[in-house]
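>>> Model the following, please.
(chains A, B and C)
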Amino acid sequence: MKPFEEQFTAWVDGKLTGSELTDFEKELEKHPEAAVEREQVHSLGKLLREFPTAPRLANPDFFNHQIMGRIVVETPQPAEKKRAFFWSIPRLAGAGAFCLVVSLVLYKTTIPADRRAPKATNFYAQVVESWPKAENVSASTYYSPDDDVTVVWLDGLKYIPANYALNNKR
Amino acid sequence: MRVNELRPESSNTVPTESPDPAAGPDDLELVARCQGGDASAFNKLVTRYRTRAYAMIYNMVRNEQDAWDLAQDGFVKAWKSIGKFRGQSSFYTWLYRILMNVTIDSLRRKQIEGGTEFDDEIGLQNVAPGAATAPKGEMEPARKLSDKEIRQRIDEAIAKLSPEHRLAIVMREIDGLEYTEIAEQMGCSLGTVMSRLFYARKKLQALLKDVYETI
Amino acid sequence: MPGAMVCAQQTPSGSAIGKGAGNPSGNAITLSAPATSLHNLKLEQHDKIWSAVIVATSVDKPKEAPTELREFVPRLKKVFGYNQFEIAGSATEEIDELTENWLLPSPVFPLSVTARRAVSREVRGGYVLNMKVFQGKEHVVDTEVKLAPGSPLFIRGPLYGKGQIIIALRVQR
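Take a look at the predicted model:
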């Protein structure tokens, strides 16, 4: 036999049937307040459904942006299909040499000399290591050499409500 | 969209939905494109379900940053598994399960790290079915509460539940899942689900009785 | 730090910052530093470290970013996704090598920075910074970074209202 709280929950949610229902309702005759209790559980459920408390997703576009960024990084690139009958070693070597020649010709003829130098940047910001010191806080490093950006990315910090003054000097 | 619109109409009670046709291609078409490697189709699915996914996870974890991160993890996991989606349920039903797994795993990890074992009956020993659910001295005088106050009270009350109780009550009352589905998601027996619901409701009744009795 | 003894104090409001100044609890402290001549102390030009607490939000009509941020805005937009960046507070302090420098761009985010000159060429005479980041009185993270002059470092802080706090640091020569 199920413990009382299980039967009571099933009864409140209308999940008891047949003899289980009859037996339990007979048992409840000793507890006339059970009907009131059931109404209260229903009122509680209605309250929870009518007043969702989750905040709106702030900055939804960035939410997508981050996911798509992760997908690009975390999705393994499909491996090249084997074409064993065609790509013998001599053919591969020949194709490699041909590509090299074509690339050199294109490089010399199409790219102006002043653009051939690698992007000169004075940017240097490197995170050597981070050690989280608070419970639930984690730290990682985001670095994008193309954009000259280095970020110590902290997660798990406490949310600050908008009405909280960040600078009491103002 | 109100959360209770997600409540089930059929026997499959994991939240389902039929996307607005005006909103573009339907889910299955987008899923098929994703399965062909089209990430932009997945971006559309993220846009379609991000608000709901975030709200659902927030209800479980009660922390905006955690909800953000877990929703992200869930969507990335969905992308990685999209090849396994066979269309036997709606896309959102399938996604919901992934999001829920990610959330439950995270809550479990936190519990393990915190070293706390959960006691279903903590603080609620020997509760009779008709026992008073709120000490009378703690009840506020009857007055009409604003929507904001009500939401705040609910938020505070749910935050006081243990993760297991919170999961059970959110899945049942807000997301409208059946006991079997909750048991499957939480990896526990039906009896445990019912027991958790019993104690979670008791605690919420104690904390919110004055709210639902005055609105 | 050249010279003999440096005495630094934090003001009662906790808003003043300085070389070796106090800690979040605001205690006055006295520090001794390696001795060099007083003459050098007066002539030496110290590099400075600029720090700012930025509030990033997404709005329909974004305001123009303050001058100090303008060069960073495209990267901030790309990395964090918001479209409006405002400075909630900033602080600039002279770098006193091997001494704990306290920066208070906002009282909510005190930063303790201990700097030493980097030896590697790529840092271009910049610094290795050992930083302690606080949120209020809570010590949230320690980090060691190498910063060349002019290269900013950003720290992703907590969510703030519907936006995001970002802390920026830059060595100025």
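
>>> and the residue of chain A found nearest chain B, how many neighbours does it have?
At 2.7 Å from chain B, A:Glu33 is the closest residue in chain A, using C-beta to the nearest C-beta. Using the backbone N, CA and C atoms, a C-beta is placed for each residue, glycine as well. Using other C-beta atoms under 10 Å in any protein chain shown, A:Glu33 has 13 neighbouring residues.

>>> what's the answer for the one 5 residues further on, then?
One way to gauge burial is a neighbour count; for A:Arg38, by other C-beta under 10 Å, it gives 17.

>>> if I look at the residue nearest to the spatial centre of chain C, how far off is chain B?
Taking C-alpha atoms, centre = their mean, the centroid of chain C lies closest to C:Ser51, which sits 3.6 Å from it. The gap separating C:Ser51 from chain B is 23 Å, by C-beta to the nearest C-beta, to the nearest Å.

>>> Surely that residue touches C:Pro105?
Yes. Shown here, C:Ser51 and C:Pro105 form a contact pair, counting by C-beta atoms under 8 Å, at 4.5 Å.

>>> Name the residues contacting each of these two.
Here C:Ser51 and C:Pro105 have C:90-91, C:111, C:167 as joint contacts, going by C-beta atoms under 8 Å, 6 or more residues apart in numbering or on different chains.

>>> List every C-alpha atom in the lowest-mean-pLDDT helix or strand in chain B, with coordinates, as CSV.
The helix or strand of chain B with the poorest confidence is helix B:91-114; it has a mean of 83 (mean pLDDT, DSSP states H and E). Taking Å, rounded to 0.1, in the frame of the first residue of the first chain, the C-alpha atoms of helix B:91-114 are listed here in CSV:
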residue,chain,number,x,y,z
PHE,B,91,10.7,19.5,-31.6
TYR,B,92,10.0,21.4,-28.4
THR,B,93,9.1,18.2,-26.5
TRP,B,94,12.5,16.8,-27.6
LEU,B,95,14.3,20.1,-26.8
TYR,B,96,12.5,20.3,-23.4
ARG,B,97,13.9,16.9,-22.4
ILE,B,98,17.4,18.0,-23.3
LEU,B,99,17.1,21.3,-21.4
MET,B,100,15.7,19.5,-18.4
ASN,B,101,18.5,17.0,-18.4
VAL,B,102,21.1,19.7,-18.6
THR,B,103,19.4,21.5,-15.7
ILE,B,104,19.0,18.5,-13.5
ASP,B,105,22.6,17.5,-14.1
SER,B,106,23.7,20.9,-13.0
LEU,B,107,21.5,20.9,-9.9
ARG,B,108,22.8,17.5,-9.0
ARG,B,109,26.4,18.6,-9.5
LYS,B,110,25.8,21.6,-7.2
GLN,B,111,24.3,19.4,-4.6
ILE,B,112,27.2,16.9,-4.7
GLU,B,113,29.7,19.8,-4.5
GLY,B,114,27.7,21.2,-1.6
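
>>> Remind me what that helix packs against, helices and strands.
If you count contacts as 3 or more C-beta pairs under 8 Å, 6 or more residues apart in numbering or on different chains; DSSP states H and E, helix B:91-114 packs onto helix B:27-35, helix B:39-61, helix B:64-81, helix B:163-169, helix B:179-186.

>>> Report whether the first one contacts chain A.
This means helix B:27-35. No. Contact between helix B:27-35 and chain A is absent, the nearest approach being 10.1 Å (criterion: C-beta under 8 Å from any C-beta of the partner chain).

>>> Please apply the same query to stretch B:189-204.
Yes. Against chain A, stretch B:189-204 shows contacts by C-beta under 8 Å from any C-beta at B:191, B:194-195, B:197-199, B:201, B:204.

>>> which stretches of chain C aren't confidently modelled?
Chain C contains residues with pLDDT under 70 at C:1-45.

>>> how about the helices of it, start to end?
C:38-43, C:67-70, C:73-80 (DSSP state H).
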